[in-house]
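Chemist: What follows is a predicted protein model with its sequence.
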Amino acid sequence: DDDTSTAPTPEKPTRMPSDRLSPCAREAQRLEEKRRLRRLEQDTARERAALTDETSEFKEMITLFREKNVTDAVAAGAAASAERLRVCVRKRPLLPSELQANEFDVITAFGRRAVLHQTRRRVNLERCLENHSFTFDAVFDEAAGTEAVYAATARPLVRGVLTAGGRMTCFAYGQTGSGKTYTMEGGGGGAESGLYSLVARDCFAAVEAAAAAGTPLRLSMSMFEIYRETVFDILTPQPSTSKVSVLEDAASEVQLVGLTEQRPADAEQVAALLETARAVRRTGSNGVNERSSRSHAVVQFVLRAESTAAEGATLGATLGKITLVDLAGSERAADTMEARSGDARVHAEGAAINQSLLSLKECIRAMEKGAHHVPFRGSKLTQVLRDSFLADASTTVMIAHVAPANCTSESALNTLRYAERLKAVAAASTAST
Ligand code: ADP
Ligand code: MG
């Protein structure tokens, strides 16, 4: 019986009524039908898997981008220039909790570039990446330690202040959870030092060298917080007297009236003061847990000449001042959350943060432009930092922090845009002259 030779092909199932077929052919048709159904099932399963495994497809696209583009990742670091303003980016690693949630890294850092891959769907539902590319003075990826970040960003400018005087201000900008406090205070249970203690270490080295050279210096430290446009001393042992008045004296110098100045003698004392400040912040006036994301924290190191001529030491003018600012979470700028919230207090907070971060950008841009009018009065933050900005020898470092997870890429993109705009003025004015 040669009926088997006419068995239906998978593509063209036979329409022949099965009762006219031989039992053998009928069996073949039944098997073929079964096979066809199984294949259909497999296809659907594969499609479903492809849909749910969007993550791996995007991951693959990002890997491909890196293979094609990242050639000079090792050369990361700053160009050692003597610019007045440095704008850098630090990308933190994905956190264990994010990895657990199947989050993936959408930021590629290489050389002086940071590329944010926005995951998109085309109209035909095809997945694609929208790559936003930015160039900064330096970009640090998740492998860079804080010490390396410091060495390539703030340290050369701190050295300048310690040897020649002047002012240096360093800002940590970024959304809450992007690593600002990790950079400033340190992290990993003390495993990594933060900028506060790294700067202190350099200051003490300078004090020792000055003493050895017979021109003694005195180092003092103060720390305050700007919360809802009010300045609070966070090194004072009495929280009830923590409110600081901001006044401008006759020479329109800014005075922080009543701000505690401590004189730490060594790195351990600085660490102890920082710990005190952390405790004060935690239990601050309204005791809200995540207040640190809603206020700016400022640490200032001031160096003055100390004349030991007579028995009483007298203090000379400020020789150098180093200011480190852990800014409030940038998600409060331009935000949605506060706008949607009916809570007036929360709304006022968001508005104040928004205003101060915008104001900071405007002041930095105005100074970069060499403008006559710098809008310092736009916020308490910029008003308080005025003399740091205006001194003849003053330099500024902005470290913009980004978290790499896909789910927070919108905030990261906003941060990169904010940071880029700080420098855009300089680039534009250089180009036009
Ligand atoms: P922010 O101050 O911007 O809100 P944090 O500094 O608190 O953010 O960082 C959020 C979390 O990410 C913390 O658990 C912190 O330990 C971790 N983290 C931040 N930066 C790094 C880094 N470079 N390496 C490892 N972990 C980091
Ligand atoms: Mg923080």
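Modeler: Looks like it arrived, so ask away. Ligands and ions are numbered 1, 2, ... in the order given.
Chemist: Would you mind listing what in this protein touches ligand 2?
Modeler: 180-181, 292 (Cβ under 5 Å from the ion). Every residue, glycine included, has its C-beta placed from N, CA and C.
Chemist: now, which of those lie within helices?
Modeler: When DSSP state H defines the helices, the subset of those inside them is 180-181.
Chemist: so which of the residues of the chain next to ligand 2 is the most crowded?
Modeler: Neighbour counts for the residues of the chain next to ligand 2 (other Cβ atoms under 10 Å) peak at K180, which has 28 neighbours.
Chemist: Pop out the phi and psi values for the spatially closest residue to that one that is not a sequence neighbour.
Modeler: Leaving aside its chain neighbours, K180 sits nearest to A172 (3.8 Å; criterion: Cβ to Cβ, 6 or more residues apart in numbering). The phi and psi values for A172, taken as degrees, to the nearest 10, are phi -110, psi 120.
Chemist: and what of E192?
Modeler: phi -120, psi 130.
Chemist: Enumerate the beta-bridge partners assigned to it.
Modeler: Beta bridges link E192 to G187, judged by DSSP bridges.
Chemist: number of nearby residues for it?
Modeler: E192: 15 neighbours (other Cβ under 10 Å).
Chemist: likewise the one 10 residues further on?
Modeler: By the other Cβ under 10 Å criterion, the neighbourhood of D202 contains 19 residues.
Chemist: Local confidence estimate at the nearest residue to it once chain neighbours are set aside?
Modeler: Excluding the flanking residues, the one nearest D202 by Cβ to Cβ, 6+ apart is V158, at 5.5 Å. The model reports V158 with a pLDDT of 92.
Chemist: Just confirm V158 contacts V199, I think it does.
Modeler: Yes. If you go by Cβ atoms under 8 Å, V158 and V199 touch, sitting 5.8 Å apart.
Chemist: Flag whichever of the residues of the chain next to ligand 2 scores worst on pLDDT.
Modeler: Least confident entry in these, by pLDDT: S292, with 71.
Chemist: Test my guess that that residue contacts A277.
Modeler: No. Taking Cβ under 8 Å as the definition, S292 is not a contact partner of A277, at 10.8 Å.
Chemist: In the chain, what residue lies closest to ligand 2?
Modeler: T181 (3.2 Å; Cβ to the ion).
Chemist: The nearest residue to that residue once chain neighbours are set aside bridge partners, please.
Modeler: Of all residues not flanking T181 in the chain, D326 sits nearest, at 5.7 Å (Cβ to Cβ, 6+ apart). Beta-bridge pairing for D326 (DSSP bridges): A172, A297.
Chemist: Now do D326: how many residues are near it, please.
Modeler: The tally of other residues near D326 (other Cβ under 10 Å) stands at 26.
Chemist: repeat for E67
Modeler: 9.
Chemist: Equivalent analysis for H132, please.
Modeler: For H132, the neighbour count with other Cβ under 10 Å is 17.
Chemist: Can you tell me the element it falls in?
Modeler: According to DSSP states H and E, H132 maps onto strand 127-135.
Chemist: Check the model's average confidence along that strand for me.
Modeler: 94.
Chemist: Equivalent analysis for stretch 366-380, please.
Modeler: 86.
Chemist: What's the end-to-end length of stretch 204-219?
Modeler: 8 Å (Cα to Cα, to the nearest Å).
Chemist: Run the chain-centre distance for that stretch.
Modeler: On the basis of Cα atoms, centre = their mean, to the nearest Å, stretch 204-219 sits 34 Å off its chain's mean C-alpha point.
Chemist: Can you list the buried residues in it?
Modeler: Across stretch 204-219, burial judged by 16 or more other Cβ atoms under 10 Å covers 204, 206-207, 210, 217-219.
Chemist: So what touches the strand holding H132?
Modeler: The contact list for strand 127-135 (Cβ atoms under 8 Å, 6 or more residues apart in numbering) reads 54, 57-58, 61-62, 65, 89, 112-122, 413, 416, 419-420.
Chemist: What ranges does the stretch 1-150 of the chain have for its strands?
Modeler: 85-91, 107-110, 113-121, 127-135, 138-140 (DSSP state E, counting those that start in this stretch).
Chemist: and the third one, which strands flank it?
Modeler: What it means is strand 113-121. Strand pairing for strand 113-121, using DSSP bridges, gives strand 107-110 (antiparallel), strand 127-135 (antiparallel).
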